[in-house]
Structures are given as structure tokens and as C-alpha cells.
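Enquirer: no sequence for this one, just the structure:
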């Protein structure tokens with residue numbers, strides 16, 4: 001049971017864990033925080049249970065402490081990154097308040113189902129669940145070189161992950177495909193890539209929406225202030241992701257997609273990598289703004305995006321005449 005869960009820890013996606021910052025300077029105070037969390041959980045979560053913390057490697061070389069709680073008969077659970085919660089403590093929130101957030105997140109996202117991972121050994125059963133994902137090549141050079149098959153794409157890398165449903169109310173679990181899986185399935189990246197590309201376009205179709213509307217939807221949510229949101233008539237921006245908003249930046253490499261959008265706009269495109277989950281398209285209107293847009297990307301990465309969600313540090317340019325993406 002535990003080994004199965006460990007294999008899923010770094011890659012399970014749950015909505016309440018999208019925190020925009022983390023604390024990586026682990027000192028004595030942080031260690032005391034982890035010990036206190038485990039002690040309280042051990043007393044509060046009914047038996048039988050398994051509570052463990054495992055250091056996991058995330059995207060862009062980030063390592064985080066993953067807390068997993070498994071109750072009897074369950075082999076998968078939400079991954080709660082304690083580094084994120086310690087940020088609240090560091091900013092002055094009481095331990096009791098942070099602990100309640102941890103427990104509430106666990107209670108809201110736990111599942112009572114067992115996941116049959118036996119299908120993972122059978123390539124014919126998992127092939128329909130393979131999808132593509134874009135990550136930065138240099139920031140991930142270690143595990144790309146050692147463990148993970150990939151296809152270079154500009155300064156990025158196309159990797160493959162497996163996605164399968166956990167619970168309708170929670171979402172999907174995702175597992176990054178590495179060389180051990182290829183060996184198990186007796187296959188290659190050359191065989192997997194077209195399969196994963198076809199699956200991604202089928203099950204994760206692209207979604208394009210104006211940034212104006214995205215921000216409007218956000219400010220209409222309860223708890224968000226109502227602020228004026230206006231489009232720039234000279235430089236309108238559009239958010240490109242997929243219908244699940246999961247690793248949606250990979251839509252950039254869908255065959256013919258950028259050409260289709262550029263054709264509809266009647267212009268070349270600037271592409272601003274907002275995160276691994278989405279990019280922003282800006283039609284070109286005769287003014288060179290590459291340096292400005294690249295500076296914007298870097299500023300947003302430094303102030304708004306979690307380190308493990310950063311895709312790239314500069315903008316890209318798509319030429320409709322060449323049908324080519326430059327970066």
C-alpha cells in the first residue's frame with residue numbers, strides 16, 4: 001500500500017494545493033513545525049492510518065516536503081506540501097489556524113476509493129491515458145538526462161505523463177513517465193509521442209479566452225474585489241490552456257493550432273508563457289514588443305508564479321508566414 005502511494009506522491013493534482021509561493025529555507029523552526037503537525041495528526045486522525053512525509057522532486061528542480069495521510073483500505077491520498085503551509089506561519093498566522101487549514105484540506109480532498117494501479121503495467125490499458133506536458137529543459141536537465149524521456153522543443157522539453165481519474169469531486173492523478181516505464185512496456189519515446197499527442201488533443205482540447213474575460217470571471221468570484229477590467233484595443237491578450245486547465249501550455253505544440261489562431265487574427269503572435277498550465281497570445285500589430293513582453297514574463301515569474309509552475313523566462317514569437325515558433 002505504501003509503496004503504491006509513494007509512487008504517486010509527486011504528481012497528484014488537487015485544487016486546494018495551488019499556492020503561489022513556498023518556503024525553501026528549512027531551519028529549526030520549520031522542522032519543529034513538521035514535528036508538531038505529525039504529532040497532532042497522529043492524535044486526531046482515527047486508526048488505522050499511515051502518516052508520512054516524503055521529500056519529492058517537483059518541476060524545475062524544486063524539492064518539497066509532501067505530507068500524505070492514508071486511512072485503512074485506501075492506497076492514494078491528497079499530497080499536502082508543508083512548505084506552503086509553513087509560509088503562513090512565517091507570515092504570522094498561528095499554528096492552530098494553519099493546522100486547521102491542513103486538516104480541512106485533507107478532509108475536503110481525501111477519497112475512500114482504492115486505485116487499481118495494475119493497469120499501469122499493461123501498455124494497452126494505459127495508452128489512452130498518456131498526455132503531453134511542456135517543461136523548461138535547462139531547469140530540469142538533471143532528471144531529463146537521467147530518468148525522463150523527452151523531445152526538445154526550443155528551450156523547452158515535451159514530456160509524457162499518465163492521467164487517470166481518482167474522484168469526480170477531486171480530479172485526476174498524474175504520473176510522469178520515466179525510462180523505467182518505457183522498459184516495462186517495451187516501447188520508446190518515438191512510439192509514445194504521437195499517441196500522447198493524439199490523446200491530449202482529444203481529451204484535453206484547447207481553450208482560448210480573452211484575458212479580459214478571464215479576469216472578469218475571477219473578480220466575479222465570491223471573496224474577490226470588483227475591479228474594472230479593460231481590454232487594450234491595440235494589444236488584446238488571450239489565454240490559451242486546455243479544458244481542464246492542467247498543463248495547458250502544451251497546447252502550443254498541438255499540430256496546426258498556432259497557425260489556426262494566427263490565421264483567425266490575421267497576424268503573427270507573441271506568446272507569453274504564464275506557467276506550465278497556460279500561455280498568453282498577443283496578436284502582432286507592427287510594433288516590436290519582444291523585450292517588453294519578456295521582461296513582463298520574468299516579473300510575473302518572480303512575483304506571482306510558484307517556482308515549480310514556471311515554464312520559461314522569456315516570450316516567444318510565432319511567424320504565420322513561416323509557420324514557425326521562435327524563442
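Expert: Sure, I can see it. Please read all numbers here as calculations on a predicted model, not as lab measurements. Residues are numbered from 1 along each chain as shown.

Enquirer: Which helix or strand lies directly C-terminal to the helix or strand that contains residue 54?
Expert: Taking DSSP states H and E as the criterion, residue 54 maps to strand 49-57. Remark: after strand 49-57, the chain's next helix or strand is strand 63-71, criterion DSSP H and E.

Enquirer: shaky segments in the chain?
Expert: 1-28, 48, 117, 165-171, 213-235 (pLDDT under 70).

Enquirer: residues contacting the residue nearest the centre of it?
Expert: Compute the mean C-alpha point of the chain, and by Cα atoms, centre = their mean the closest residue is residue 247, 5.3 Å away. Contacts for residue 247 were tallied using Cβ atoms under 8 Å, 6 or more residues apart in numbering; they are 131, 132, 133, 134, 161, 204, 276, 277. All C-beta spots, glycine's among them, are computed from the backbone N, C-alpha and C.

Enquirer: How many residues are close by the fourth one?
Expert: Applying other Cβ atoms under 10 Å, we find 25 residues neighbouring residue 134.

Enquirer: what distance separates whichever helix or strand it is part of from the centre of its chain?
Expert: Take DSSP H and E as the rule and residue 134 turns out to sit in strand 130-136. Relative to its chain's centre, strand 130-136 lies at 10 Å (Cα atoms, centre = their mean, to the nearest Å).

Enquirer: before we move on, what about stretch 90-106?
Expert: With Cα atoms, centre = their mean, you get 23 Å for stretch 90-106.

Enquirer: How about it, which residues are buried there?
Expert: Neighbour-count burial for stretch 90-106 flags 98, 99, 101, 102, 103, 105, 106 (criterion: 16 or more other Cβ atoms under 10 Å).

Enquirer: Just the closest of these to residue 283, please.
Expert: Of all the buried residues of stretch 90-106, residue 105 has the smallest distance to residue 283: 40.1 Å, by Cβ to Cβ.

Enquirer: List the buried residues of whichever helix in the chain runs longest.
Expert: Looking across the chain with DSSP state H, the single longest helix is helix 28-44. In terms of neighbour count (16+ other Cβ under 10 Å), helix 28-44 has its buried residues at 30, 33, 34, 37, 41.

Enquirer: counting contacts, what elements does the strand holding residue 54 pack onto?
Expert: Packing partners of strand 49-57 (3 or more Cβ pairs under 8 Å, 6 or more residues apart in numbering; DSSP states H and E): helix 2-8, helix 28-44, strand 63-71.

Enquirer: so can I have JSON lines of these showing distance to residue 91?
Expert: Shown next, in JSON lines, are the helices and strands packed on strand 49-57 (distance: least, Cβ to Cβ, whole Å):
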{"stretch": "helix 2-8", "distance to residue 91": "30"}
{"stretch": "helix 28-44", "distance to residue 91": "13"}
{"stretch": "strand 63-71", "distance to residue 91": "18"}
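
Enquirer: Which of the ones you listed sits closest to residue 194?
Expert: Closest among the helices and strands packed on strand 49-57, using Cβ to Cβ: helix 2-8, at 26.0 Å.

Enquirer: hmm, back to that, now do the strand holding residue 54: distance to the chain's middle.
Expert: The answer for strand 49-57 is 20 Å, by Cα atoms, centre = their mean.

Enquirer: could you check the angle strand 63-71 makes with that strand?
Expert: 160 degrees (axes from the mean of the first three to the mean of the last three Cα atoms, to 10 degrees).

Enquirer: Name the nearest residue to residue 311, sequence neighbours excluded.
Expert: Once flanking residues are discounted, residue 311 sits nearest to residue 273: 4.0 Å by Cβ to Cβ, 6 or more residues apart in numbering.

Enquirer: After the helix or strand where residue 212 lies, which helix or strand is next?
Expert: Using DSSP H and E, residue 212 sits in helix 211-219. Sequence-wise, the next helix or strand downstream of helix 211-219 (DSSP H and E) is strand 238-242.

Enquirer: The first helix or strand past that following strand going along the chain - contacts with which helices or strands?
Expert: Using DSSP H and E, the helix or strand that follows strand 238-242 in sequence is helix 257-265. Helix 257-265 is packed against strand 269-275, strand 278-283, with contacts defined by 3+ Cβ pairs under 8 Å, 6+ apart.

Enquirer: re the thing from before, for residue 280, see how far away the residue nearest to the centre of the chain is.
Expert: Using Cβ to Cβ, to the nearest Å, residue 247 is found at 16 Å from residue 280.

Enquirer: ok, now residue 183?
Expert: Taking Cβ to Cβ, one finds residue 183 at 39 Å from residue 280.

Enquirer: One more: residue 296?
Expert: 9 Å.

Enquirer: which residues do those two both contact?
Expert: residue 272.

Enquirer: of the two, who's got more company?
Expert: Taking neighbours as other Cβ under 10 Å, residue 296 and residue 280 compare with residue 280 leading, 22 against 15.
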